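In: Need a 3D model of the sequence below.
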Amino acid sequence: MKSSALIFVLILSVANGVSAQKQINQVESLFRSGIENVSRANSTDDIDKNRGFLETAIKHFTEALKIEQRNVKILLERAETYKTLFEYEKALADCEAALKIIQSGKRQSPAKLAEIYALFGEIYEEGFYLSKAIESYTTALKFDPKNQGVLMNRGFIYQYIGETAKANADFSKAESLSKSNQSNEIPELTGGFGPAIGHGDGIKKTKIEYPEVFQVFYFQEVGGFFDGFFDDTDSTQEEKQKILQSKIDQAKKIVAFNPKSEAAHWKLANLYLRAERFDEAIMEFMILVVMNKRYEHLNNMGVALAEKGRLQNAVIQFEIAVRNGNTRIEALYNRGLCYLKLNENENAIADFTEVIKLNPDFILAYQSRAKAFRATGKIVEAEADEQKLNY
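Out: Residues are numbered from 1 along each chain as shown. Alright, predicted model coming up:
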């Protein structure tokens, strides 16, 4: 009898062992499938395929977690994938779950804690919760003080919010930790107000006609790089529109995640402007103006109104922007263009003249003023401005 019981226990133990190994194999297989789909998503430029691969990856990670709920590695991979899809609440939930598992263990891995807090920081940074992002990055650095990526990310946020000394300290430390010979210099952003005037170098002069466009401020990412706009000549117009719609969808998710974020609404408003969805752009700029009567918000709202054909409303908006701005150049030029379109040529001349006083190299102002001069019969003055267009 005892012998039979012993044999039964042994058989049960073997069966349990086989079952456990089978589960381990299932988890590993599902995890690999998830990683493969993430890799496929990263290797395609097709937006629909990219999303499809990422959603499939999440399904695999989720199935694996049903078998092994406390697998931190899979939780963090799913969190990263949710972040890529702008599903920030779900990404944060996975990070929180991973953190609790690590903190409940007898041995807490500093490297894993640093990884979790760094991911918290990235999620909060993308969602424009910048104080929370800084806090998360700072905690990550307590566990991994030599993490160059985290130092750079925190430095970019400090730079974005104007804390230059802290930004430079992070950039310097990251650079000193670098073992490569690659430069870690922060690229300098340069703004322009149309092409610069050429001074001639013996080349035969040719008259150039520059497109008259409203001067717009576009969204600037926390990292210092312009986002959302591209001049990819290899892409078809349909492909560009598809990319733009994808960016609008992403921006809407960021606004939903952080509805009080001025930067999130600013990004969405300018994407609408780029997509020529002027009614939606105007609504977003109205929200921004209520949040903060910044010069850039007022100017871009005027552009949206002008592009919609509401020129008189745009003139009023640019007037408010001129009163609120330090440089005023963009709003003055834009108001001048509205006056030109309304055949209020003397007002247009006055605005373009003021722009040229503030920035003598703003070539579009000479071109536009020349048109206004011709419309009023001032041919000599028009020809003098047109000479500035020659090189």
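
In: pLDDT on stretch 29-41, on average?
Out: Per-region confidence: stretch 29-41 scores 93 on mean pLDDT.

In: Okay, helices next: where are they in the stretch 1-150 of the chain?
Out: Ranges of helices within the stretch 1-150 of the chain are 2-42, 47-67, 72-84, 88-104, 110-126, 130-143, 148-160, based on DSSP state H, counting those that start in this stretch.

In: which other helices and strands contact the fifth one?
Out: In other words, helix 110-126. Packing partners of helix 110-126 (3 or more CB pairs under 8 Å, 6 or more residues apart in numbering; DSSP states H and E): helix 72-84, helix 88-104, helix 130-143, helix 148-160. Bear in mind the C-beta positions are built from the backbone N, C-alpha and C, glycine included.

In: Residues touching it, excluding its own?
Out: 72, 76, 79-80, 83, 86, 88, 91-92, 95, 98-99, 102, 130, 132-134, 136-137, 139-141, 143-144, 147, 149-150, 153-154, 157, 222, 254 (CB atoms under 8 Å, 6 or more residues apart in numbering).

In: Compare the mean pLDDT across the helices and strands packed on helix 110-126 and name the weakest.
Out: Minimum mean pLDDT among the helices and strands packed on helix 110-126: helix 148-160, a mean of 90.

In: Would you mind listing the buried residues in that helix?
Out: 148, 150-160 (16 or more other CB atoms under 10 Å).

In: can I get the residues you listed in a markdown table with distance to residue 29?
Out: Converted to a markdown table, the buried residues of helix 148-160 look like this (distance: CB to CB, whole Å):
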| residue | distance to residue 29 |
| --- | --- |
| 148 | 34 |
| 150 | 32 |
| 151 | 37 |
| 152 | 36 |
| 153 | 34 |
| 154 | 38 |
| 155 | 40 |
| 156 | 38 |
| 157 | 39 |
| 158 | 43 |
| 159 | 44 |
| 160 | 42 |
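
In: Pick out whichever of these sits closest to residue 42.
Out: For residue 42, the nearest member of the buried residues of helix 148-160 is residue 153. The distance, counting by CB to CB, is 19.8 Å.

In: Now the closest one: closest residue in space, sequence neighbours ignored.
Out: Nearest residue to residue 153, sequence neighbours excluded (CB to CB, 6 or more residues apart in numbering): residue 137, at 5.9 Å.

In: Same question for residue 293.
Out: Using CB to CB, 6+ apart, the nearest residue to residue 293 is residue 324, at 5.8 Å.

In: doesn't residue 296 make contact with the one you found?
Out: No - in this structure residue 324 lies outside contact range of residue 296 using CB atoms under 8 Å: 9.8 Å.

In: neighbour count winner among these two?
Out: residue 296 (22 against 17; other CB atoms under 10 Å).

In: any idea which element that one lies in?
Out: helix 295-307 (DSSP states H and E).

In: which helices and strands sit right next to the helix or strand following that helix?
Out: Using DSSP H and E, the helix or strand that follows helix 295-307 in sequence is helix 311-324. Applying 3+ CB pairs under 8 Å, 6+ apart, one finds that helix 311-324 contacts helix 295-307, helix 329-341.

In: So which bits of helix 311-324 are buried?
Out: So for helix 311-324, counting by 16+ other CB under 10 Å, buried means 311, 313-315, 317-318, 320-322, 324.

In: before we move on, what about stretch 284-297?
Out: 284-285, 287-289, 294-297.

In: Go ahead and name everything in contact with that stretch.
Out: Contacts for stretch 284-297 (CB under 8 Å, 6+ apart): 217, 262, 265-266, 268-269, 272, 298, 300-301, 304, 320-321, 324-328, 331.

In: Of those, grab the buried ones for ChimeraX.
Out: Of the contacts of stretch 284-297, the buried ones go into a single ChimeraX selection, burial set by 16+ other CB under 10 Å:
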select :217,265,266,268,269,272,298,300,301,304,320,321,324,325,328,331
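
In: neighbours of the spatially closest residue to residue 72 that is not a sequence neighbour, just the number please.
Out: Counting by CB to CB, 6+ apart, residue 72 lies nearest to residue 98, which is 4.7 Å off, once chain neighbours are set aside. Using other CB under 10 Å, residue 98 has 24 neighbouring residues.

In: And for residue 86?
Out: 18.

In: so it sits right up against residue 250, yeah?
Out: Yes - applying CB under 8 Å as the test, residue 86 and residue 250 come out as touching, 5.1 Å apart.
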